[in-house]
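Novice: How does the following fold in three dimensions:
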Amino acid sequence: MTTTTNAVRALGSGLTGAIVLTVLHETVRQFVPQAPRADKLGERVLIKGIRAAGHSAPAEDDLYVPAMIGDIASNALYYSLVGLNDGKSPLLIGTALGTAAGLGAVMLPGPMGLGEKPTRRSTATSAMTVAWYLVSGIVAGTTYKLMKMF
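Specialist: This is a model prediction of the structure:
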């Protein structure tokens, strides 16, 4: 197995995990009032970055698509780490990555100046946040494991 093959598997697995995460966030928020709002966090990150670069932030309505693209891209790269350790233990690595990302998504936005409401406004919101990142890490690890079989 070549390094390129491992990288492609890792990136594909990471993208799969990222898409699952985004679908969970975007679907459940339509029906559950306490659902996490990763979309709002993404928009706030963009606003903060644009302002730090000395520019005026665009209207909030214009931020949704770029925020989603950024979320999927960054989460895909993050979850592609399931290919670490030469692809050994991708489920364990995916579980660890998902848990760490979920806890980070709950604990870090406040101290980073992004607000706590999107992922921490209730116990249910926090629990869903951690669970969805965990599920996405497991999906990425499982995808990598399945891709190694072919």
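Novice: Could you pull up the contacting residues of the most centrally placed residue in the chain?
Specialist: Ranked by distance to the mean C-alpha position of the chain (CA atoms, centre = their mean), the top residue is Asn75 at 4.1 Å. Residues in contact with Asn75 (CB atoms under 8 Å, 6 or more residues apart in numbering) are 14, 17-18, 21-22, 101, 136. C-beta here means a position set from N, CA and C on the backbone, and glycine is covered the same way.
Novice: now that we have those residues, which one has the most neighbours?
Specialist: Gly17 (31 neighbours; other CB atoms under 10 Å).
Novice: Please, which helix or strand holds the nearest residue to that residue once chain neighbours are set aside?
Specialist: Taking CB to CB, 6 or more residues apart in numbering, and ignoring the residues beside it in sequence, Gly17 has Ala140 as its nearest neighbour in space, at 3.1 Å. Here Ala140 sits within helix 123-148, counting by DSSP states H and E.
Novice: which parts of that helix are buried?
Specialist: 125-126, 128-130, 132-145, 147-148 (16 or more other CB atoms under 10 Å).
Novice: Also stretch 49-68?
Specialist: Applying 16+ other CB under 10 Å to stretch 49-68 flags 63, 67-68 as buried.
Novice: Quick one: the strands in the chain, in order.
Specialist: With DSSP state E as the definition, the chain shows no strands.
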